[in-house]
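Student: What shape does this take:
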Amino acid sequence: MIIESSAPTRADLAGGTIDIWPLYLFHAGASTVNFALSLLARVRIETRDDDRGVRFETTIDRIDELASDTRLELVSKMVHFFRPETGFHLITHSEAPAGAGISGSSALAIALIGALNRLIGDRYDEGSFIGIAANVETTVIKVPAGIQDYYPALYGSASCIHLRADGVEREHLAIEEEEIDRRFVICYTGQPRLSGINNWEMFKRHINGDAEVFEIFERIRDAAEQMRDALLASDWDAVGEIMRAAYPNRKRLAPNITTPHMDAIVEKALANGAEGAKVCGAGGGGCIAFLCADGRKQDLERALATEAGAEILNWKVSREGLILSQARP
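Tutor: Take a look at the predicted model:
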């Protein structure tokens, strides 16, 4: 039997970091806004006729990545959680750059859960996938995991994730995905992000009652609410204003949210048609998403690639989330 699954990565526009439990419980009305990217995490499982053993296979860009490749640990812990009773060969592949900050590991977690759950006869319903993903991935990264990344991986499209005391709820944002495709550029800086370090430092300061951090998170909460409303109204001028106001506020959380190289990329982008910038994920490297002035997307991509040395990612909004297929060899 062959089982294949895929799940999309994501770009987050507002509300990041506030989605880590229990931080959102201290900020009534907390939410995050993101959209799924067509850069997929893929899993392929082929059962073994001899019914003996498990074989893992992954792909990396450089041999040095083996020392810090959390994908191998994530795969092994997911397999251990599901405990299949048949031997199989498992291959994983991610279309996102390593350390890009666009949730490649969370997309892989959802793709693994879908495929392994099918292998054991669909023991768990889809409603439990996100909880399993967050809990297992937390044991891999060894710090609290945010919850927002699993929703675009599971459902696709654009989302507002509402974070409440009575639970987490996904709201599908009914906006034209083509407008997001047309108005946003996402580039990879070439520097892997520092999500675990950045998020853990913010988390500790918040829990320890740091008043400045609390006020920053209040602004993060407000920016996400404003971003949701602006997207639903197709008010792209407001989207740009929100991004410009949110960028310096987020930089206040930690000194290494951006690097000098990232700051230079943002400066070059703003001089060549960008109207706002959002560091993807926790920052310290990875990707940056830019809102383009109308008709300036090609100008911006050219400047980032030729003058700033950034890698332009080729993506569209993924309208679908987790996809599963099953066949006999």
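Student: For the stretch 151-300 of the chain, give me the ranges with low pLDDT.
Tutor: 192-198, 255 (pLDDT under 70).
Student: need the helices for it, in chain order.
Tutor: 177-183, 195-207, 211-232, 236-251, 260-270, 297-306 (DSSP state H, counting those that start in this stretch).
Student: Off-centre distance for the third one?
Tutor: A distance of 18 Å separates the C-alpha centroid of helix 211-232 from that of its chain, computed with CA atoms, centre = their mean, to the nearest Å.
Student: Kindly report the same for stretch 2-20.
Tutor: Once both centres are worked out by CA atoms, centre = their mean, stretch 2-20 turns out to sit 4 Å from its chain's centre.
Student: ok, now stretch 32-42?
Tutor: Averaging C-alpha coordinates over stretch 32-42 and over its chain gives two centres that are 6 Å apart (CA atoms, centre = their mean).
Student: and that stretch, average pLDDT?
Tutor: The predicted model gives stretch 32-42 an average pLDDT of 97.
Student: now could you export just the CA positions of that stretch as CSV?
Tutor: C-alpha atoms of stretch 32-42 as CSV (Å, rounded to 0.1, in the frame of the first residue of the first chain):
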residue,chain,number,x,y,z
THR,A,32,-3.6,35.6,14.4
VAL,A,33,-4.0,36.2,10.7
ASN,A,34,-2.2,34.1,8.1
PHE,A,35,-2.5,32.4,4.7
ALA,A,36,-1.4,29.1,3.3
LEU,A,37,1.4,28.9,0.8
SER,A,38,1.7,26.4,-2.1
LEU,A,39,5.2,25.4,-0.9
LEU,A,40,4.3,22.0,0.5
ALA,A,41,5.6,19.4,3.0
ARG,A,42,5.2,16.0,1.5
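Student: Dig out what the nearest residue to residue 315 once chain neighbours are set aside forms beta bridges with.
Tutor: In space, not counting the residues next to it along the chain, residue 315 is nearest to residue 37; the distance is 4.6 Å by CB to CB, 6 or more residues apart in numbering. Where C-beta positions appear, they are placed from N, C-alpha and C, glycine not excepted. The bridge-partner assignment for residue 37, based on DSSP bridges, gives residue 9, residue 317.
Student: The helices of the stretch 151-300 of the chain: which one's closest to residue 47?
Tutor: helix 195-207 (34.4 Å; CB to CB).
Student: circling back: quick one: the residue nearest to residue 315 and residue 102 touch, right?
Tutor: Yes. A contact is recorded between residue 37 and residue 102 when judged using CB atoms under 8 Å, the distance being 6.2 Å.
Student: any residues in contact with both of the two?
Tutor: When CB atoms under 8 Å, 6 or more residues apart in numbering defines a contact, the residues bordering residue 37 and residue 102 alike are 9-11, 96, 186.
Student: Pull stretch 223-233 out as PDB, backbone CA atoms only.
Tutor: Extracted C-alpha coordinates of stretch 223-233, given in PDB (Å, rounded to 0.1, in the frame of the first residue of the first chain):
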ATOM      1  CA  ALA A 223      -2.900  44.700  14.900                       C
ATOM      2  CA  ALA A 224      -4.300  41.200  14.200                       C
ATOM      3  CA  GLU A 225      -7.900  42.400  14.700                       C
ATOM      4  CA  GLN A 226      -7.200  45.400  12.400                       C
ATOM      5  CA  MET A 227      -5.600  43.200   9.800                       C
ATOM      6  CA  ARG A 228      -8.600  40.800   9.700                       C
ATOM      7  CA  ASP A 229     -11.000  43.700   9.200                       C
ATOM      8  CA  ALA A 230      -8.800  45.300   6.500                       C
ATOM      9  CA  LEU A 231      -8.500  42.100   4.500                       C
ATOM     10  CA  LEU A 232     -12.200  41.400   4.700                       C
ATOM     11  CA  ALA A 233     -12.800  45.000   3.400                       C
END
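Student: which non-adjacent residue is nearest the residue nearest the centre of the chain?
Tutor: Against the mean C-alpha coordinate of the chain, by CA atoms, centre = their mean, the closest residue is residue 103 at 2.8 Å. Across the structure, with CB to CB, 6+ apart as the measure, the residue nearest residue 103 apart from its sequence neighbours is residue 149 (4.0 Å).
Student: Can you check the pLDDT for that neighbour?
Tutor: As summarised for this prediction, residue 149 has a pLDDT of 95.
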